[in-house]
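[1] Generate coordinates for the sequence data below:
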Amino acid sequence: GSSASPAISVDAQASGPVISREIFGQFVEHLGNGVYGGIWVGKDSAIPNVRGIRSDVVTALRAIKVPVVRWPGGCFADQYNWRHGIGPADQRVATVNMWGNVVEPNTFGTDEYLDFVDQIGSEAYVSVNVGSGTPAEAAAWLEYMTTDQPSTLGKLRAANGHPAPYRIKYLGIGNENWGCGGGMSADEYVSEMKRFGSFTRNLNPAQNGVVPFVRSPDAMRQIAVGPGDDKTDYTEAVMKAWTQKAPYSWDIDGISLHYYTGGKAGVLQSPSTGFGEDDYAASIRNTLKMEQLIAANSAVMDKYDPQKKIALMVDEWGIWTAPMPGTNFMFMRQHGSLRDGILAALNFNIFVRHAERVRMANIAQMANVIHSLILTDGAKMLLTPTYHVHRLYLPFQDAHRLVVTFTPGSYRAGEIALPQVDGIAARTKDGTVWLAVTNLDAARTVDLGAQVHGMATRSAVGEVLTAPAVDAINTYAKPDVVAPRPVRFSAQGGKLML
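    Sure thing, here's the model as predicted:
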């Protein structure tokens, strides 16, 4: 039963699907200090930068091999006019950003974003404006970014400093169009999706095959809006339309899913540090609901797409607490605690268990906003526990999932009953077996026996991330309160004692 002491066993031979490295993706929105301060400091800043983009942040992101960056939103994307963010900096159109009622200078626009993606060695995921924009505007944006021809927009991009067409791997057709993106019903959204999908063409020859009407493996992938709650009506409507579409008209490759974790009082309510065990346990219970949401949407997708051609993209997820006291509420700046790192690991484990269908996920957000990896204050930068979890999971990028069976044990906090441990395993291309184990218990350590079948096991090396308390945070004065430290385990009779 669940009260038995935790144990885990891995079959090193039974290889499962590849774990897409893009489940470790990122999301950057023009919100608070997510862009301005977090990434962009400007070319004249005393803070070290390359073409205005912070070098310390770039170095930190390169170290975790960020696979993909979603931009410019979020709700911001459906009020964004791409033309406001191109050309000479002094000629950009300043607008009012809905987030916090502040001026959006548009100094960080398309070319700066794509420079940033290139500097960190990542891929682009651009979300077009379906809510307040038009297919013609989106089509022109794609032409600006991807044409190799000397059209007016092609020449404009060259004049703005980038003669070669950009590579755009992913295109999001709208964002949360059931809510901030226009309050559309599922059927209303599908009508828009078909129009936008038909006209947003990537013109980069390197991403288009040589055979007419046959998609290149490098073709831009288009992602439709999916649900942000328990309902699956968007998933159902999008999948149904996809099965009925005329050939060569429009296509989609993914459906998004958004889910934010709240504490015991819901999202935007609980403190990001200084919380009690009741709040901790509630947030862990709430985050594990991701499993049911993925399973429910996967079931709908399986009905229309048993071959799993279309991926489920969890392109916004994370814990959403109350902002730090004394900050602009609408900037959504939170501390990053050990709890958030545990929560990130649990979500990664869920994504890995659904690797056949979940092929991208984007934590919200990269820097200074909601569940961030990086916090900045002027020239200072710190790495949150969630950043370290991303680094610990690096070996799982594009590894083969292995079959894991375990006795989870039990952790009780008041009325809330949870497993004590969670874990996944994978085998990398060089044959190394990696095990990720998470202890959910806020107070008790766990001794775990791990059996690896199908390979001789003598010892294991790795890293552990922990701290004196689940609400422990890193600060600029003490940046390593929650930081990984090396561990070594030996095996007795083929069983590792963790």
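[2] show me what contacts Glu143?
    By Cβ atoms under 8 Å, 6 or more residues apart in numbering, Glu143 lies in contact with 151, 153-154, 203. C-beta here means a position set from N, CA and C on the backbone, and glycine is covered the same way.
[3] Just the CA trace of stretch 480-491, in PDB.
    What follows is stretch 480-491, C-alpha atoms only, in PDB (Å, rounded to 0.1, in the frame of the first residue of the first chain):
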ATOM      1  CA  ASP A 480      23.200  30.100  -3.000                       C
ATOM      2  CA  VAL A 481      20.800  29.300  -0.100                       C
ATOM      3  CA  VAL A 482      19.100  26.900  -2.500                       C
ATOM      4  CA  ALA A 483      21.700  25.500  -4.900                       C
ATOM      5  CA  PRO A 484      22.600  22.100  -6.200                       C
ATOM      6  CA  ARG A 485      25.300  20.100  -4.500                       C
ATOM      7  CA  PRO A 486      27.100  17.000  -5.700                       C
ATOM      8  CA  VAL A 487      26.100  13.600  -4.300                       C
ATOM      9  CA  ARG A 488      27.400  10.100  -4.700                       C
ATOM     10  CA  PHE A 489      25.500   6.900  -3.900                       C
ATOM     11  CA  SER A 490      26.800   3.300  -3.800                       C
ATOM     12  CA  ALA A 491      24.900   0.100  -4.600                       C
END
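[4] which parts of it are buried?
    Within stretch 480-491, the residues that count as buried by 16 or more other Cβ atoms under 10 Å are 481-482, 484, 491.
[5] Now for the closest residue to Gly179 other than its chain neighbours, how many residues are close by?
    Spatial nearest neighbour of Gly179, chain neighbours left out: Gly228 (6.4 Å); criterion: Cβ to Cβ, 6 or more residues apart in numbering. By the criterion of other Cβ atoms under 10 Å, Gly228 has 19 neighbours.
[6] so where does the residue nearest the centre of the chain fall, helix or strand?
    By Cα atoms, centre = their mean, the chain has its centre lying nearest to Asn362, at 1.1 Å. Asn362 is part of strand 358-364 when elements are defined by DSSP states H and E.
[7] Can you dump the C-alpha atoms of that strand in PDB for me?
    Taking C-alpha atoms only, strand 358-364 is exported to PDB below (Å, rounded to 0.1, in the frame of the first residue of the first chain):
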ATOM      1  CA  VAL A 358       3.300  16.600 -24.800                       C
ATOM      2  CA  ARG A 359       6.100  17.800 -27.000                       C
ATOM      3  CA  MET A 360       6.500  21.400 -25.800                       C
ATOM      4  CA  ALA A 361       6.000  23.300 -22.500                       C
ATOM      5  CA  ASN A 362       6.900  26.900 -21.600                       C
ATOM      6  CA  ILE A 363       7.200  28.000 -18.000                       C
ATOM      7  CA  ALA A 364       5.700  31.400 -17.200                       C
END
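[8] In its sheet, which strands sit next to that strand, and in what direction?
    Here strand 358-364 is paired, per DSSP bridges, with strand 25-27 (parallel), strand 311-319 (parallel).
[9] and these as TSV, adding mean pLDDT?
    Converted to TSV, the strands paired with strand 358-364 look like this (pLDDT from 0 to 100):
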stretch	mean pLDDT
strand 25-27	98
strand 311-319	98
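[10] what about the spatially closest residue to Val66 that is not a sequence neighbour, distance to Ala77?
    Spatial nearest neighbour of Val66, excluding adjacent residues (Cβ to Cβ, 6+ apart): Ser122 at 4.6 Å. Remark: distance between Ser122 and Ala77 (Cβ to Cβ, to the nearest Å) = 18 Å.
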